[in-house]
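Participant: Need a 3D model of the following:
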Amino acid sequence: MPLWLEVVVRTLASALALFVFTRLLGKRQISQLSFFEYVTGITIGSITAYLSVDVDNHWSLGLISMGVWFLVSLGIEYLQIKSVKARNWIDSKSTVLIKGGKILEENLKKEKLTNDELLEQLRKKSIFQAAQVEFAVIEPDGEINALLKKEYQPITPSSLGIKVAPEQETQTVIIDGNIMDEPLATSGYSRQWLHTELEKLGVSLDNVNIAQVDSFGQLYVDLYDDMIQVPQPQERATLYAQLKKCEADLELFALSTDETEAKQMYGECSAKLIGVINQMKPLLTQ
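Facilitator: The predicted structure is shown next:
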């Protein structure tokens, strides 16, 4: 076999073996690396590279070495799952860096971090003042997570005591100008409805790059032709305006009638509708 062809075969075989081993080790190998997994990845990658071009040694030796590293890594992962002590020793524990707005310098030195690096990581999370942080830790994978003090946290419906309905998954109903029937059916709509909505927007199907339907039945469209401005869905805003109009009409009816019973009825209906509007406002105006 020519030398160049042997290198090609070795490279393809090494790449295939590396892909298989990585798949067997799981997604954690590429998402949250521990210290050992980091070393394992470098070592197996180096072995794969040498296996591709080192034609003086038999290819099976490289595969055996890769297999041993794979089994060791698999055993370490199994040990981490079964033992908390082993997991803490291999992955290490989270370290508190900020507590009550105070930077813990000793823990910062322990993790080999500078103040500039800490502030940089906080800025990546849109936190520009360390004093606003109630609690910050560095995770075993090196990620820094921070909890803002109560007064600096964003306002949510829960903090206001407002209950909101669960939002369903947004369904992508058109991709590359092709209608996706399964997501469309999951949303509870048909092709006829979709064509009608596209006609309302004044766009053709073949010009649609992506179209999605949210949990409120609103259709969002991205076109290939970026020069065309597609109007934003107004269903929720329209519904909110109609509810406000109905409430205003009820108040007007209550003021314009002289009958006591009718005035009371219109007033009660208006009060109930105001309650409904207040409950629906977070959903209809977001």
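Participant: Name the surrounding residues that touch stretch 93-109.
Facilitator: The contact list for stretch 93-109 (C-beta atoms under 8 Å, 6 or more residues apart in numbering) reads 110-111, 113-115, 118, 130-140, 144, 146, 149. (C-beta placed from N, C-alpha, C; glycine too.)
Participant: Give me the buried entries from these.
Facilitator: 113, 118, 130, 132-134, 136-138, 140, 144, 146 (16 or more other C-beta atoms under 10 Å).
Participant: one step back: which ones among the contacts of stretch 93-109 are found in helices?
Facilitator: Within the contacts of stretch 93-109, residues falling in helices by DSSP state H are 110, 115, 118.
Participant: and Gln212, what helix or strand is that in?
Facilitator: strand 208-213 (DSSP states H and E).
Participant: For stretch 245-263, what is the distance to the chain centroid?
Facilitator: Centroid separation for stretch 245-263 versus its chain: 48 Å, with C-alpha atoms, centre = their mean, to the nearest Å.
Participant: Kindly format the C-alpha coordinates of it as PDB.
Facilitator: Extracted as PDB, the C-alpha positions of stretch 245-263 are listed here (Å, rounded to 0.1, in the frame of the first residue of the first chain):
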ATOM      1  CA  LYS A 245     -63.700  49.500  24.500                       C
ATOM      2  CA  CYS A 246     -66.300  47.100  25.900                       C
ATOM      3  CA  GLU A 247     -65.600  48.200  29.400                       C
ATOM      4  CA  ALA A 248     -65.800  51.900  28.400                       C
ATOM      5  CA  ASP A 249     -69.200  51.200  26.700                       C
ATOM      6  CA  LEU A 250     -70.600  49.500  29.800                       C
ATOM      7  CA  GLU A 251     -69.600  52.600  31.900                       C
ATOM      8  CA  LEU A 252     -71.200  54.900  29.300                       C
ATOM      9  CA  PHE A 253     -74.400  52.800  29.400                       C
ATOM     10  CA  ALA A 254     -74.400  53.100  33.200                       C
ATOM     11  CA  LEU A 255     -74.100  56.800  33.100                       C
ATOM     12  CA  SER A 256     -76.600  57.400  30.300                       C
ATOM     13  CA  THR A 257     -79.500  55.400  31.700                       C
ATOM     14  CA  ASP A 258     -81.900  56.700  34.300                       C
ATOM     15  CA  GLU A 259     -83.200  53.300  35.400                       C
ATOM     16  CA  THR A 260     -81.700  52.200  38.700                       C
ATOM     17  CA  GLU A 261     -81.700  48.500  38.000                       C
ATOM     18  CA  ALA A 262     -80.000  48.900  34.600                       C
ATOM     19  CA  LYS A 263     -77.500  51.300  36.000                       C
END
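Participant: As a check, name the ranges of all helices in the protein.
Facilitator: With DSSP H as the criterion, the chain has helices at 3-25, 28-31, 35-53, 59-82, 84-91, 105-110, 115-124, 181-187, 191-201, 235-256, 260-284.
Participant: any chance of those helices in a markdown table, plus mean pLDDT and distance to Asp226?
Facilitator: Listed next are the helices of the chain as a markdown table, based on pLDDT from 0 to 100; distance: least, C-beta to C-beta, whole Å:
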| stretch | mean pLDDT | distance to Asp226 |
| --- | --- | --- |
| helix 3-25 | 65 | 38 |
| helix 28-31 | 46 | 34 |
| helix 35-53 | 69 | 41 |
| helix 59-82 | 74 | 47 |
| helix 84-91 | 70 | 46 |
| helix 105-110 | 91 | 47 |
| helix 115-124 | 92 | 30 |
| helix 181-187 | 90 | 24 |
| helix 191-201 | 89 | 15 |
| helix 235-256 | 80 | 24 |
| helix 260-284 | 80 | 30 |
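Participant: Count the neighbours of Tyr266 for me.
Facilitator: By the measure other C-beta atoms under 10 Å, the count of residues near Tyr266 is 20.
Participant: Find the nearest non-adjacent residue to it, please.
Facilitator: Closest residue to Tyr266 in three dimensions, ignoring its sequence neighbours and counting by C-beta to C-beta, 6 or more residues apart in numbering: Ala254, at 3.7 Å.
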